[in-house]
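Novice: fold the following for me, if possible:
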Amino acid sequence: MMIALLTHFGTRDGYVAAMKAVIKTICPTTGIIDISHEILPQHIAQGKFVLWTTYRYFPSATIFVCVVDPGVGTNRKIIAVKTKDYIFLAPDNGLLDMIVAEHEINKVRQVTNQKYFLRNVSNTFHGRDIFSPVAAHLANGVKFRSLGPAIALKKSPRIFTDVSGNGEFNGNIIYEDRFGNLVTNLKMKNKSGSKLKINGVTVPLKVTYAEGSEGELVAYTGSSGLLEIAARNGNARQLLKAQYGDRVVLAAK
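Specialist: Model prediction:
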């Protein structure tokens with residue numbers, strides 16, 4: 001059984017180590033893979049994109065522990081979502097929206113059974129005291145239904161826009177990577193002659209950023225299948241002064 005961790009805790013402090021120690025204490029045989037612990041603090045949009053781009057490459061039956069949790073200690077729910085292949089544990093704050101958008105959800109439970117929590121639960125570190133022990137107990141074979149009551153999970157409005165045919169398609173910036181590349185919610189294959197407009201700047205479509213001149217802005221279909229914007233050997237976010245949610249318009253040919 002595999003447990004995958006995604007958090008906004010960073011690695012400077014001992015938070016992630018404490019989570020792993022709890023998991024290994026309860027289920028010593030489980031493997032643990034770190035997706036990322038460098039999600040910006042409280043940045044749910046960044047967390048859900050990183051999760052969406054990685055989860056499908058994990059082996060079947062992986063348990064995903066997803067803790068980007070600005071509402072920790074409040075009455076926000078902790079949810080367990082079961083798909084055909086995986087289990088996801090997360091706060092009910094939109095972190096799983098991109099997973100839910102493209103999967104048939106088999107079961108959803110609100111995680112309330114304190115039998116699977118640590119004895120003393122803090123108000124500020126549910127990653128250690130709730131998420132980690134619950135994941136470890138699941139890895140040990142605890143039944144999904146024993147986590148708490150079944151609840152309904154509402155699917156989010158459409159997240160992605162499929163670009164099919166010619167015409168104008170509207171989208172938004174949904175992620176920025178460490179290189180300053182900007183990812184949109186436009187799903188497409190490269191269309192030669194197409195152009196993207198963002199913040200008053202028109203960007204040509206290329207096959208890859210290496211086709212651009214030094215510092216030139218280019219758009220291309222990235223490894224996630226989504227349209228991205230980059231500056232060759234530069235930083236597109238800085239050049240465009242772009243932010244999450246900025247509108248993009250694709251003129252597809």
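
Novice: which residues of this protein score low on pLDDT?
Specialist: 190-193 (pLDDT under 70).

Novice: quick check, central residue of it?
Specialist: residue 48 (2.2 Å; CA atoms, centre = their mean).

Novice: got a list of contacts for whichever strand or helix holds that one?
Specialist: Secondary structure from DSSP states H and E places residue 48 in helix 44-54. Helix 44-54 is contacted from outside by 4, 6, 8, 35-36, 39-40, 64, 66, 68, 70, 93-99, 174-176, 183, 223-224, 244, using CB atoms under 8 Å, 6 or more residues apart in numbering. C-beta here means a position set from N, CA and C on the backbone, and glycine is covered the same way.

Novice: again, 6 Å this time
Specialist: Here helix 44-54 makes contact (CB atoms under 6 Å, 6 or more residues apart in numbering) with 6, 35-36, 39-40, 68, 93-95, 97-98, 174-175, 224, 244.

Novice: keeping just the C-alphas, turn the following helix or strand past it into PDB.
Specialist: Moving toward the C-terminus from helix 44-54, the next helix or strand (DSSP H and E) is strand 63-67. The C-alpha trace of strand 63-67 is given here as PDB (Å, rounded to 0.1, in the frame of the first residue of the first chain):
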ATOM      1  CA  ILE A  63      -4.000   6.900  -0.500                       C
ATOM      2  CA  PHE A  64      -3.500  10.600  -1.100                       C
ATOM      3  CA  VAL A  65      -3.100  12.800   2.000                       C
ATOM      4  CA  CYS A  66      -3.700  16.300   0.800                       C
ATOM      5  CA  VAL A  67      -3.200  19.100   3.400                       C
END
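
Novice: what helices or strands is strand 63-67 leaning on?
Specialist: Here strand 63-67 touches strand 2-7, strand 87-91, helix 132-139, going by 3 or more CB pairs under 6 Å, 6 or more residues apart in numbering; DSSP states H and E.

Novice: tally of neighbours for the residue nearest to residue 223 when sequence neighbours are not counted?
Specialist: Counting by CB to CB, 6 or more residues apart in numbering, residue 223 lies nearest to residue 53, which is 7.9 Å off, once chain neighbours are set aside. Residues contacting residue 53 under the criterion other CB atoms under 10 Å number 19.

Novice: where do the helices sit along the stretch 51-200 of the chain?
Specialist: 97-101, 126, 132-139 (DSSP state H, counting those that start in this stretch).

Novice: mind checking which of those is nearest residue 60?
Specialist: Ranking the helices of the stretch 51-200 of the chain by distance to residue 60, with CB to CB as the measure, places helix 132-139 first at 13.7 Å.

Novice: hang on, the earlier thing: among the helices and strands packed on strand 63-67, which is nearest residue 23?
Specialist: helix 132-139 (4.5 Å).

Novice: what does that closest one contact?
Specialist: With contact meaning CB under 6 Å, 6+ apart, helix 132-139 is reached by 1, 3, 19, 22-23, 26-27, 30, 63, 65, 89, 111, 116-118.
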